[in-house]
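> give the three-dimensional model of this entry:
(one chain, ligands or ions: 2)
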Amino acid sequence: MKLYNSLTREKETFVPREPGRVSMYTCGPTVYHYAHIGNLRTYIMEDVLEKYLRYSGYDVKRVMNITDVGHLTSDADTGEDKMLKGARREKKTVLEIAQFYTDAFFADCKKLNIRRPDIVEPATKCIGEFIKVIKKLLADGHAYEAGGNVYFDTSTIPQYNVFHNFQEEDLQEGVREGVEKDSNKKNKADFVLWFTKSKFDDQELKWNSPWGLGYPGWHIECSCISMKHLGEYLDIHCGGVDNIFPHHTNEIAQSEAYLGHPWCKYWFHVLHLNTSSGKMSKSSGEFLTVSLLEEKGYDPMAYRFFCLQSHYRKSLVFTWENLDNAASAYDKLLHSIAKLKDEPVDAKAFASLRESFRAALDNDLNTSLAITALYDVLKADTSDGTKLALLQDFDEVLSLHLLEGAAKIREAQAVENADPAWIAQIEEQIARRAQAKREKDFATADAIRASLLEQGVLLEDTPSGTTYKLKR
Ligand code: AMP
Ligand code: ZN
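Numbering: from 1, shown residues only. Ligands and ions are numbered 1, 2, ... in the order given. Alright, predicted model coming up:
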């Protein structure tokens, strides 16, 4: 597989350190608010990468942090802790906010069919690890204490700007949004490892440390959580493109200074989802969440399809019209799949059509071409059974609920096409069964279920009542 590496700015052949095994780290959400669909574009594309590596036979171990402390509003060392801001907004404690939005994040991921990473670690559970690493950085001369905080000294490493993505003058205070002058820093690029002093002294969560009561910086979290679970060498580190500087630049600086050797080989960055007026935001304009899409009647899968239609290294513009186009293409796709019949699989055609899907993803995870390969399957001159087998195979990676979605359409069509008198009779039986259950007459209820099953009607009891499917 060829993968673009932001560090070398080249597409490279992907070779993990240990044959057959991949260690993968993902910067997780800062849980002070709901994720917007831009954040989720990044997680969708990382999910496809993880699943494609598994599909290709690698044993992947993926770790994600949850940022519940230390991420300041500027992404650098100034501003308020985002978590504290969230807690104040909702008049709750930081820990309540963290739990609520962590759950909300994974609920969104589930709706988008994003696999939960093997290990999910909140930063507040790893304070001991951060202290251990900061102590060593201080002992080795890579860090210093000033004005109550501990800073990383960027002049002690051979190269700081490893991604070559900023100019020296970008580091001038006041150039970057919200970055204020910090006279404690020896070098402009130095960053905080541990805070005991900040302008916002009502920081809620604080821990004892050799440098006083305080809290960790955001960057040290990811380095330590990655090393804790994945060891001294990392194959792939992922994040959105905004994480390159300062976050990932600082992660590399401190990790390699601590370890004394190169740390992560491949850096995978997803470009942003923007609105037509620019940057996507949680505080201004329409706050685009998965729930909002659902409220407006969109299936979250249509959003996943929208993301997969374009390459992760291109920025993507969100408009309702673009989403409408994706939603109707997705619906049409499911309807085409619903028409396919169960037939034998032609192994030769299967292998050759699978090849173009693999070739697309082997070429720097080109999901847009992978979707083309999917349409080519539907057009191909082969049996429906081969097509169904290929779609099921591709969906291990794409996770678009292709067969499940098509099955739902077939079930709905079966009800539409059935004799209305028969459907009325089924519904009457279901009502009788509900009455029997209310009267605790379970024998009758079970008998009705069995009799409906014999007629090809499958009942499903849900919290909001009993639904049914017609077996074809
Ligand atoms: P945060 O919760 O702010 O730490 O961000 C979570 C993830 O979303 C990070 O990997 C960011 O780089 C990424 N991200 C932030 N904004 C966008 C956007 N508009 N489009 C895609 N990814 C984004
Ligand atoms: Zn991170």
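> so who does the residue in the stretch 51-200 of the chain that ligand 1 sits nearest to touch?
Of all residues in the stretch 51-200 of the chain, residue 67 sits closest to ligand 1, at 5.8 Å by C-beta to the nearest ligand atom. Placement of C-beta: from N, CA and C, glycine included. By C-beta atoms under 8 Å, 6 or more residues apart in numbering, the contact list for residue 67 reads 27, 28, 29, 30, 31, 123, 218, 221.
> now those as CSV including pLDDT, distance to residue 380 and neighbour count?
Below are the contacts of residue 67 laid out as CSV (pLDDT from 0 to 100; distance: C-beta to C-beta, whole Å; neighbours: other C-beta atoms under 10 Å):
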residue, pLDDT, distance to residue 380, neighbour count
27, 97, 40, 23
28, 97, 40, 24
29, 96, 40, 26
30, 93, 45, 24
31, 95, 45, 26
123, 96, 49, 29
218, 92, 49, 26
221, 96, 48, 29
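> around ligand 2, which positions in the stretch 1-150 of the chain sit nearby?
Contact residues (C-beta under 5 Å from the ion) of the stretch 1-150 of the chain with ligand 2: residue 27.
> got the phi/psi numbers for the residue nearest to residue 282 when sequence neighbours are not counted?
Once flanking residues are discounted, residue 282 sits nearest to residue 33: 5.1 Å by C-beta to C-beta, 6 or more residues apart in numbering. Dihedral pair for residue 33: phi -170, psi 170, per degrees, to the nearest 10.
> these two touch, right, residue 33 and residue 100?
No: distance between residue 33 and residue 100: 9.9 Å, which falls outside the contact criterion (C-beta atoms under 8 Å).
> compare the two (neighbour count), which wins?
Set residue 33 next to residue 100 and count neighbours by other C-beta atoms under 10 Å: residue 33 wins out with 23 against 16.
> quick check: the more buried one vs ligand 1, distance?
Look at residue 33 and ligand 1: by C-beta to the nearest ligand atom, to the nearest Å, they are 8 Å apart.
> ok, residue 379 next?
Taking C-beta to the nearest ligand atom, one finds residue 379 at 32 Å from ligand 1.
> any weak-confidence spans in the stretch 351-472 of the chain?
Scanning the stretch 351-472 of the chain for pLDDT under 70 picks out 472.
> just the chain next, same as before
167-180, 199-201, 472.
> where does it come near ligand 1, residue by residue?
27, 29-30, 38-39, 41-42, 67, 239-240, 242-243, 270, 272-273, 280 (C-beta under 6 Å from any ligand atom).
> among these, which two are most distant?
Spatially, the most separated pair among these is 67 and 273, at 19.8 Å (C-beta to C-beta).
> contact partners for residue 361?
By C-beta under 8 Å, 6+ apart, the residues touching residue 361 are 1, 52, 367, 370, 397.
> again, but for residue 300
Contact analysis of residue 300 by C-beta under 8 Å, 6+ apart lists 108, 111, 112, 290, 293, 294.
> look up how far ligand 2 lies from the second one.
By that I understand residue 111. Distance, residue 111 to ligand 2, by C-beta to the ion, to the nearest Å: 24 Å.
> for that residue, which non-adjacent residue is spatially closest?
residue 300 (4.2 Å).
> show me where the stretch 1-150 of the chain has strands.
2-5, 10-13, 21-26, 59-66, 119-122, 143-146, 149-152 (DSSP state E, counting those that start in this stretch).
> with respect to burial, which of those scores highest?
Of those, the one with the most neighbours on average (mean count of other C-beta atoms under 10 Å) is strand 149-152, at a mean of 25.
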